[in-house]
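Trainee: My questions concern the predicted model and sequence given below.
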Amino acid sequence: MKAIVTVMLKNGVLDPQGKAIGHALGTLGFEGVGEVRVGKRIELELAETDPAAARRAAEEMGRKLLANMVIESFTVEIV
Amino acid sequence: MRAAIVVFPGINRERDMAIALERATGRKPRMIWHKETDLGGTDLVVLPGGFSYGDYLRCGAMASLSPVMTAVKAHAARGGYVLAVCNGFQIVTEAGLLPGALLRNAGLRFLSMDCHLRVERADTAFTGQYRKGQIFRAPMAHGDGNYTASPEDLDRLEGEGLVAFRYAEADGAISDKANRNGSARNIAGIFSPNLRVCGLMPHPENLVDPLMGGTDGKPLFDGLAAALAA
């Protein structure tokens, strides 16, 4: 079973990397691009076979290590 | 004062720190490999700068889980002194010893240059040989030094007098221009509530001898040595 953890800076935390990418897209001529935000995708192979238990485990990993809850939030997708 | 420096894989300022400490105390600090779990009865633990674990995941995240950090947390809980510089500051925020976090510099650039710091209070072991409001020069070298914390934590730090240093201009002005990494409220360093854990991004250990270009950082180490004299 695989868990995909997506870590993003919290709303309201300035994302200078996203801003720089947005600016570069504008330079390339892409119009109508609003706010750009950059995050991380972490894929975990889990031995767990129960999706609910896998989600709980991945969420605990997110809180304890994968995200810094002071500045980031995360979502878990089980596939 | 007995001092110990924790050595994580990937750090690079431990010898600079050892020079600064030895100058102030007259004795060599112990170097403690990150896999050790016993600090051996030290008065001051120093977490130096560098790039522990290659800054994987987040700066300081991996080091904050190193075996030695259990001992460092116990030392702090007992009221022991901790100086955490640059990557060390990132490690102690990740470990929860100090509040907040250090984001990518607002301008995205790695900043390697001198900055000026204003001493916010002089009645601590770390700042006792500076004057309150004194401006001193310190080198900085970091990509992720943009201090942030929740508005409540920032208000608490200010309200309880736990801001140690702020980025200032050479004439003492606290301005956006002086705040090159974009830190909240120009904060360059903070204290724990008991004033015994101090984290800061710039490197006072790199200005402790005229041959280094100045001695602006020396009072920090002399002050610690005086305050913690056995």
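Mentor: Received, thanks.

Trainee: Any chance you could list what contacts stretch B:32-44?
Mentor: Contact with stretch B:32-44 is made by B:1-9, B:21, B:30, B:45, B:63, B:66-68, B:70-72, B:75, B:80-83, B:224, B:228, B:230, as judged by C-beta atoms under 8 Å, 6 or more residues apart in numbering or on different chains. From N, CA and C alone the C-beta is placed, and that goes for glycine too.

Trainee: what's the span of that stretch from first residue to last?
Mentor: 12 Å (C-alpha to C-alpha, to the nearest Å).

Trainee: averaged over its residues, what pLDDT does that stretch have?
Mentor: Mean pLDDT, taken over the full extent of stretch B:32-44, equals 95.

Trainee: What residues of that stretch count as buried?
Mentor: Going by neighbour count (16 or more other C-beta atoms under 10 Å in any protein chain shown), the buried part of stretch B:32-44 is B:32, B:34, B:36, B:39, B:42-44.

Trainee: Report the buried residues of the helix or strand bottoming out on mean pLDDT in chain A.
Mentor: Sorting the helices and strands of chain A by mean pLDDT, DSSP states H and E puts helix A:16-27 at the bottom, at a mean of 93. Neighbour counts using 16+ other C-beta under 10 Å place A:16-19, A:22 of helix A:16-27 among the buried residues.

Trainee: how about the helices in chain A?
Mentor: The residue ranges that make up the helices of chain A, judged by DSSP state H, are A:16-27, A:51-61.

Trainee: elements contacting the shortest one?
Mentor: For helix A:51-61, the helices and strands in contact under the criterion 3 or more C-beta pairs under 8 Å, 6 or more residues apart in numbering or on different chains; DSSP states H and E are strand A:2-9, strand A:72-78.

Trainee: How about the residues of chain B by chain A?
Mentor: Within chain B, the positions lying close to chain A (C-beta under 8 Å from any C-beta of the partner chain) are B:57-58, B:61, B:65, B:93-94, B:99-101, B:103-108, B:148-150, B:182.

Trainee: All set, thanks.
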